[in-house]
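I'd like to go over a predicted model; first the sequence, then the structure.
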Amino acid sequence: MLKIDQTCYDQLRRHGEETYPHECCGVLLGRVEDDDQRLVTSVARAGNTRTDSPQNRYNIDPRELIAIQRQARERGLDIVGFYHSHPDHPARWSSTDLADAHWLGCSYVITRVEKGQAQETNSFLLLGGEEADKRFQDEPLEVAARIAETRTPA
Amino acid sequence: MRIHIPTPLRQYAGKKSSIDVQADNVGDALSALTSTYPDLRRHLYTDEGKLRAFVNVYLNDEDIRYLHKESTPVNENDSLSIVPSIAGGSCACCCPCRMNA
């Protein structure tokens, strides 16, 4: 399951509305619990470098990701997944999404933005041991009022 | 030097987020890494021994493809980041995302 802080959920959906009719993209930061539940406590916006076809493609500049990763590390956060929008297109993974997904074990969150308004948001977990057998699995998405950024001491 | 391991590859690297190695160039650094953690190799390299196309390797903030690739010299204060690409997008026509909507 992917559990996301309400503020983060609102932010990623708003991002899709702001970039409409282009796809938005960004990084989900947080932690993975011992029971494999992924918690999202922060989101980082990224620019879409696919200026040749931004209405149906996205790409995050690795250099921007490295910077996001560095800042996350300083806060004790990990990359647990990524998000992007599908302008006027279902919030389901596409063949392009699967072909270009390489972060096995991470969540890929997609929001349908219809005529500039965010509609449904779904999460898909990228499973598989390697490229040859990778696949997306529907993943329950729970929005929580507030998720603490750090673990509560036992 | 320090090599930063991305989340999906940590399971093949003793669950570590970074690993320190001694090396003179990028290729040596990656060799040291995959010698210690051989399961990483198939995730980074093709069967022909080339870095996979979707695996970006950055020396500090520079893509090694625009430096001297794996021959790029390194020093002990450098950091190497392995960054699988992040891309995708909805399709323009008859893709599965329309069919399974």
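Structure received.

when you work out contacts or count neighbours from here on, use the C-alpha atoms and nothing else.
Will do.

so who does residue B:46 touch?
Residues in contact with residue B:46 (C-alpha atoms under 8 Å, 6 or more residues apart in numbering or on different chains) are residue B:52.

measure it to chain A for me?
Distance of residue B:46 to chain A, computed by C-alpha to the nearest C-alpha, to the nearest Å: 11 Å.

kindly report the same for residue B:76.
For residue B:76, the distance to chain A - C-alpha to the nearest C-alpha - is 18 Å.

and what about that residue, helix, strand or coil?
Put simply, residue B:76 is coil when judged by DSSP: H, G, I helix; E, B strand; the rest coil.

hang on, isn't it packed against residue B:22?
Yes. Contact criterion C-alpha atoms under 8 Å: residue B:76 and residue B:22 qualify, at 7.2 Å.

which residues do the two both contact?
Both residue B:76 and residue B:22 are contacted by residue B:1, under the criterion C-alpha under 8 Å, 6+ apart.

tell me which element residue B:29 falls in.
Using DSSP states H and E, residue B:29 sits within helix B:26-36.

one more: residue A:42?
Going by DSSP H and E, residue A:42 is in strand A:38-46.

so what strands line up beside that strand?
strand A:2-5 (parallel), strand A:25-32 (antiparallel) (DSSP bridges).

so what's the residue count around the closest residue to residue A:146 other than its chain neighbours?
Leaving out its chain neighbours, the residue that sits closest to residue A:146 by C-alpha to C-alpha, 6 or more residues apart in numbering or on different chains is residue A:5, at 5.2 Å. Neighbours of residue A:5 under the rule other C-alpha atoms under 10 Å in any protein chain shown: 23.

ok, residue A:114 next?
Look at residue A:114: counted by other C-alpha under 10 Å, it has 18 neighbours.

hey, what's it bridged with?
Note on residue A:114: beta-bridge partners by DSSP bridges are residue A:117.

please report how far it lies from chain B.
With distances taken as C-alpha to the nearest C-alpha, residue A:114 is found 13 Å from chain B.

the spatially closest residue to residue A:46 that is not a sequence neighbour: what's it in contact with?
Excluding the flanking residues, the one nearest residue A:46 by C-alpha to C-alpha, 6+ apart is residue A:26, at 4.7 Å. The contact partners of residue A:26, taken as C-alpha under 8 Å, 6+ apart, are A:12, A:43-47, A:60, A:82-84.
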